[in-house]
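In: Got a sequence here, can you model it:
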Amino acid sequence: MSLLSDSALDFLRSVFSSRSKEDAETDRTLVTLTFAQSLDAKIAGKGGRQLLLSCPESMLMTHWMRSMHDAILVGIGTALNDNPQLNTRLIPEASRPSKLPRPIVLDAHLRLPIDCKLLSNFRQGVGLQPWIFCSSSNFPEMSSRRSTLLEAGAVIFDVPCEDGFLSIPQVLVELYIQGIKSLMVEGGATIINSFLKCSQQSDGFGAPPVIDTIIITTAPMFVGDGGVGYEVGGSKQAEEAPALQPVQTALMGIDTVAAVRILRRQ
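Out: Residues are numbered from 1 along each chain as shown. Modelled structure (predicted):
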């Protein structure tokens, strides 16, 4: 195993070993929210354009992190802009775990193209069958889009919407029912905002958080005002924000990677 892999694994094992026994035995899906950002907290360029915000070392760490989760979730914006594969291809083949993470796309109106890499990889036998979560509301174009995606190999789940967005709690309930015990959420901005907002709203006394761990990679660069950022819930009072516990910070190449846990309020 390479020194780069050793460094990434040491960091991730330190982060995930900190999960409490209570979380390890929980009856819900454990969620890791992770993304790369610039120094000015931008995660994409103008109009959602993909930016290279991870150096080779931090990118390898991300692929090792993928291998430690049952599934990886992105939004339709990321699926359209980046056409991701959501696999572990950067891990050296000799060390790569045989278990692949399940690719999941939140796609309310079923806009995922049938020639995307997620479906192509599945049809070619080099990726798991992608799951799509869409709105349970009826739209005129939904029926034909559903048939086309099903024929292309997708599995589709219907969930209700809340305030115009797919219900994150309902998505997580369905994922747990389907056997997904650990979920890695990679973005983009709309998904990050939705999970952060939902975690804040669920942060009642003794209530389990929606997000368990947040891992943010920060690249030493500025993007500027035209870039796409994210919001932390929108709370106006600091005491209402989710309680965080720093877990680990490490330098991966030229990037800084920080991990925190979201705590239950006592």
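In: pretty sure A154 contacts W131?
Out: Yes: using C-beta atoms under 8 Å as the test, A154 is close enough to W131 to be in contact (7.3 Å). Quick note: C-beta positions are derived from backbone N, CA and C, even for glycine.
In: of these two, who's got more company?
Out: Each of A154 and W131 has its neighbours counted (other C-beta atoms under 10 Å); A154 has more, 24 against 21.
In: who touches the more buried one in this structure?
Out: With contact taken as C-beta atoms under 8 Å, 6 or more residues apart in numbering, A154 is in contact with L112, L119, Q129, P130, W131, I132.
In: one more time with 10 Å
Out: 103, 105, 107, 110, 112, 114, 116, 118-119, 122, 129-132, 134, 146, 148 (C-beta atoms under 10 Å, 6 or more residues apart in numbering).
In: Mutual contacts of A154 and W131, please.
Out: Both A154 and W131 are in contact with P103, V105, L118, where contact means C-beta under 10 Å, 6+ apart.
In: where does the stretch 101-250 of the chain dip in pLDDT?
Out: For the stretch 101-250 of the chain, residues meeting the criterion pLDDT under 70 lie at 201-208, 233-241.
In: For it, which segments are assigned as helices?
Out: With DSSP state H, counting those that start in this stretch as the definition, the stretch 101-250 of the chain shows helices at residue ranges 117-123, 142-152, 168-177, 189-201.
In: doesn't W64 make contact with V257?
Out: No: when contacts are counted by C-beta atoms under 10 Å, V257 is not listed as touching W64 (11.7 Å).
In: Now list whatever residues contact both of these two.
Out: Taking C-beta under 10 Å, 6+ apart as the contact criterion, the residues that touch both V257 and W64 are A8, F11, L12.
In: Dump those to TSV, plus neighbour count and secondary structure.
Out: Formatted as TSV, the entries for the shared contacts of V257 and W64 read as follows, by neighbours: other C-beta atoms under 10 Å; DSSP: H, G, I helix; E, B strand; the rest coil:
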residue	neighbour count	secondary structure
A8	24	helix
F11	23	helix
L12	22	helix
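In: Tabulate the residues you listed (a markdown table), appending distance to I91.
Out: Below are those laid out as a markdown table (distance: C-beta to C-beta, whole Å):
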| residue | distance to I91 |
| --- | --- |
| A8 | 9 |
| F11 | 15 |
| L12 | 12 |
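In: Tell me which residue is most central in the chain.
Out: Nearest residue to the geometric centre of the chain (C-alpha atoms, centre = their mean): V185, 1.2 Å.
In: distance of that one from F139?
Out: From V185 across to F139, the span is 25 Å (C-beta to C-beta, to the nearest Å).
In: For M59, which residues are in contact?
Out: Taking C-beta under 10 Å, 6+ apart as the contact definition, M59 lies against L4, A8, A36, L52, L53, L90, T217, M252, G253, D255.
In: so how many other residues sit close to the fourth one?
Out: Summarising burial for L52: neighbours were counted as other C-beta under 10 Å, giving 9.
In: same check, this time on the third one
Out: When counting by other C-beta under 10 Å, one arrives at 23 neighbours for A36.
In: Ok, the first one next?
Out: The number of residues packed around L4, counting by other C-beta under 10 Å, is 18.
In: sorry, back to before: compare V257 and W64 (neighbour count), which wins?
Out: Under the criterion of other C-beta under 10 Å, the comparison of V257 against W64 puts V257 first, with 26 against 22.
In: any idea how far T213 is from that one?
Out: Counting by C-beta to C-beta, the gap from V257 to T213 is 12 Å.
In: The chain: strands as residue ranges?
Out: 30-37, 71-75, 102-106, 131-135, 155-159, 161-162, 165-166, 182-187, 213-218, 243-252, 255-263 (DSSP state E).
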